[in-house]
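J.: I need the structure of the sequence given here:
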Amino acid sequence: MIRIIQSKLTYFYIFCVLAILISCKYDNDLTISPAVEVRYTEGKARLYRNGNPYFIKGASGIDNLEKVSAYGGNSIRTWSVHNAGEILDKAEALGLTVTLGLEIGRPYWGEDFKYWNILEVNKKIEELKPIIEKYKNHPALLMWGVGNEVSLKGGSRYLIYYTINRIAKMIKETDPNHPVMTAINVKTIGRGKYLMPNVDILGYNGFGLIKHFFEDNKNYKYKEWGVPGHWEVKDTAWGAPYELSTKQKINFLQQYWELMNQDTTSFLGSYAFYWGNKFEITNTWFSQFSTEGENSETVQYIQSLWKGEAFHSNLPEIFNISFNDRPGQSNQYLTADSLYSASPITDFDDLSALKFKWEIRPEEAKFYELDDYQHNMSYLMEADSASTLKFRTPKNEGPYRIYVYISDDSGNYTSHNLPFYVVNQ
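T.: Numbering: from 1, shown residues only. Sure thing, here's the model as predicted:
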């Protein structure tokens, strides 16, 4: 009888221990927070990472990551998973996080995606799922970015929202520990936000539209913010856009930064565009770095924003470029195969302590076609490292652009360019 009682007591104790363990596990499952999440308190959205508030001070791009960290940034944004493992590892080593982009379709870049084809959508979801599985536990991962400015030629935007929402649903089922974001480039998405309930964050690619849209009832961040784009400025008579001076760019960055940070309800942070060097109309329009890796003045300004410090630069402001000592004018027409001089119009009287570089390149009709643009017509120039450039205009009639770069000894530069048109007499 005693043995039977002891045996029953033993089973009872085992049952109690198992019940407690199961209960603890159940309770823990209820209380464990995602690694990254959006929390709402008193109607305000906040991003949390590992239980702590996390405001994004980020850079769009995968180059110069050491400078993101050194200059006070905390995150980077990618557009695809190309070299994702390497990027995530490097970001972790530098104390940075990553919004990892998942590319769907880019019709404006010539790679369309059939959002209307349910089989293609299913295939895309199946292709993306192993990627989510592979990187979901990486400590540098901040969130997933589904698509970038995706659109459908000749079709309904709601098909895109449907696809993005399905992908977001798969991600949340596969990885409940990181939010899902999608990036758009329109002023408002109207009912779209209600058609994507599985998307946690709206990413706006802002630029000149920053002053126009502050989305209600949806937490958001600026996935790309920067100077006004080439589609937002004045053009020459032949359609070449005028790039802003560096100081004008900084003035816009200041305005946009102040506007973005006015919102204390839904704004989660931003990614400065473009943290690297890229060609888009020119290789200086959005580039924060020169082809040699020097810092533009806009980088210095962004650093001051991230660190909350005063901005200071020792470089001159270049207002324009003059030909043959004539003040810079709109719609510059030059005679073919003729000698000219070009000089920067600056606020510095003495430029002798600074370094100069000049370029003359054909103007591009399409900002993504690089073949002609890559050709710097250096054979037209004499003494291209001097403050005044002597050059001969091209023989072929057409649009061109002249560039001047001024650098100091500390790895910083400023630049300016001017489109001109060559005519045959």
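J.: hey, where'd the helices end up in the stretch 51-200 of the chain?
T.: 65-70, 84-93, 118-135, 157-174, 192-195 (DSSP state H, counting those that start in this stretch).
J.: could I get those helices as TSV with mean neighbour count and mean pLDDT?
T.: C-beta here means a position set from N, CA and C on the backbone, and glycine is covered the same way. TSV is the format used below for the helices of the stretch 51-200 of the chain (neighbours: other Cβ atoms under 10 Å; pLDDT from 0 to 100):
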stretch	mean neighbour count	mean pLDDT
helix 65-70	17	97
helix 84-93	17	97
helix 118-135	14	92
helix 157-174	20	88
helix 192-195	16	70
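J.: out of those helices, which comes closest to Ser378?
T.: Smallest distance to Ser378 across the helices of the stretch 51-200 of the chain (Cβ to Cβ): 29.2 Å, for helix 65-70.
J.: contact partners of the closest one?
T.: 58-59, 74-76, 90-91, 94-96, 275, 295, 299 (Cβ atoms under 8 Å, 6 or more residues apart in numbering).
J.: next: stretch 325-337.
T.: Against stretch 325-337 from outside (Cβ under 8 Å, 6+ apart): 236-237, 242, 319-323, 340-341, 343, 345, 392-397, 418-425.
J.: and if you look at stretch 280-290?
T.: Contacts of stretch 280-290 (Cβ under 8 Å, 6+ apart): 59, 61, 63-64, 226-227, 229-230, 241, 243, 272-278, 291, 295-296, 298-299, 302, 364, 367-368, 373, 401, 403, 405, 413, 415, 417.
J.: sort out for me which of those are in strands.
T.: Ala59, Ala272, Asn295, Ser296, Arg401, Tyr403, Tyr405, Tyr413, Ser415, Asn417 (DSSP state E).
J.: nearest to Ser80 among those?
T.: Closest to Ser80, out of all of the ones in strands among the contacts of stretch 280-290 and judged by Cβ to Cβ, is Ala59, at 16.2 Å.
J.: so what's that closest one up against?
T.: Counted by Cβ under 8 Å, 6+ apart, Ala59 has contacts Val68, Gly73, Ser75, Ile76, Arg77, Tyr271, Ala272, Trp275, Gln288.
J.: what about the second one, neighbour count?
T.: Right, the one you point to is Gly73. 25 (other Cβ atoms under 10 Å).
J.: what residues are up against it?
T.: Counted by Cβ under 8 Å, 6+ apart, Gly73 has contacts Lys57, Gly58, Ala59, Leu96, Trp306.
J.: apply 6 Å and report the result again.
T.: Applying Cβ atoms under 6 Å, 6 or more residues apart in numbering to Gly73 gives the contacts Lys57, Gly58, Ala59, Trp306.
J.: the second one and Leu268, how far apart?
T.: In this structure, Gly58 and Leu268 are 10 Å apart, going by Cβ to Cβ, to the nearest Å.
J.: give the buried subset of the contacts of helix 65-70 as a ChimeraX selection command.
T.: To isolate the buried subset of the contacts of helix 65-70 in ChimeraX, counting by 16 or more other Cβ atoms under 10 Å, use the following:
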select :58,59,74,75,76,90,91,94,96,275,295,299
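J.: any regions of the stretch 1-150 of the chain where pLDDT drops low?
T.: Within the stretch 1-150 of the chain, the stretches with pLDDT under 70 are 1-33, 106-112, 149-150.
J.: circling back: quick one: which of the helices of the stretch 51-200 of the chain is nearest Ser313?
T.: So among these, helix 65-70 is nearest, using Cβ to Cβ, at 16.4 Å.
J.: adding distance to Met196, write the ones in strands among the contacts of stretch 280-290 out as a markdown table.
T.: Shown next, in a markdown table, are these (distance: Cβ to Cβ, whole Å):
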| residue | distance to Met196 |
| --- | --- |
| Ala59 | 26 |
| Ala272 | 26 |
| Asn295 | 38 |
| Ser296 | 36 |
| Arg401 | 41 |
| Tyr403 | 42 |
| Tyr405 | 43 |
| Tyr413 | 42 |
| Ser415 | 40 |
| Asn417 | 40 |
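J.: hmm, which two among those residues are most spread apart?
T.: Across the ones in strands among the contacts of stretch 280-290 (Cβ to Cβ), the longest gap, 26.9 Å, separates Ala59 and Arg401.
J.: list only those of the contacts of stretch 325-337 flagged as buried.
T.: Looks like these have 236, 319-323, 340, 343, 392-394, 418-422 buried, using 16+ other Cβ under 10 Å.
J.: so of these, which ones are in strands?
T.: Those of these lying in strands (DSSP E): 319-323, 340, 343, 392, 418-422.
J.: can you redo those residues as a markdown table with distance to Trp358 and pLDDT?
T.: Converted to a markdown table, these look like this (distance: Cβ to Cβ, whole Å; pLDDT from 0 to 100):
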| residue | distance to Trp358 | pLDDT |
| --- | --- | --- |
| Phe319 | 17 | 93 |
| Asn320 | 15 | 94 |
| Ile321 | 10 | 95 |
| Ser322 | 13 | 94 |
| Phe323 | 13 | 95 |
| Tyr340 | 12 | 96 |
| Ser343 | 10 | 94 |
| Arg392 | 13 | 97 |
| Leu418 | 12 | 96 |
| Pro419 | 15 | 95 |
| Phe420 | 13 | 96 |
| Tyr421 | 19 | 97 |
| Val422 | 17 | 97 |
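J.: quick one: which of those is nearest to Gly145?
T.: Pro419 (34.3 Å).
J.: report the separation between the closest one and Arg361.
T.: 10 Å.
J.: find residues that contact each of the two.
T.: Arg401.
J.: can you pull up the most central residue in this structure?
T.: Ser60 (3.1 Å; Cα atoms, centre = their mean).
J.: quickly list what that one is bridged to.
T.: Beta-bridge partners for Ser60, by DSSP bridges, are Arg77.
J.: chain center to stretch 269-282: distance?
T.: 6 Å (Cα atoms, centre = their mean, to the nearest Å).
J.: could I get the pLDDT score of Gly155?
T.: Gly155 is assigned 50 on the pLDDT scale.
J.: just the buried residues of stretch 171-185, please?
T.: Result for stretch 171-185 [16+ other Cβ under 10 Å]: buried residues Ile171, Lys172, Asp175, His178, Pro179, Val180, Met181, Thr182, Ala183, Ile184, Asn185.
J.: much appreciated, bye for now.
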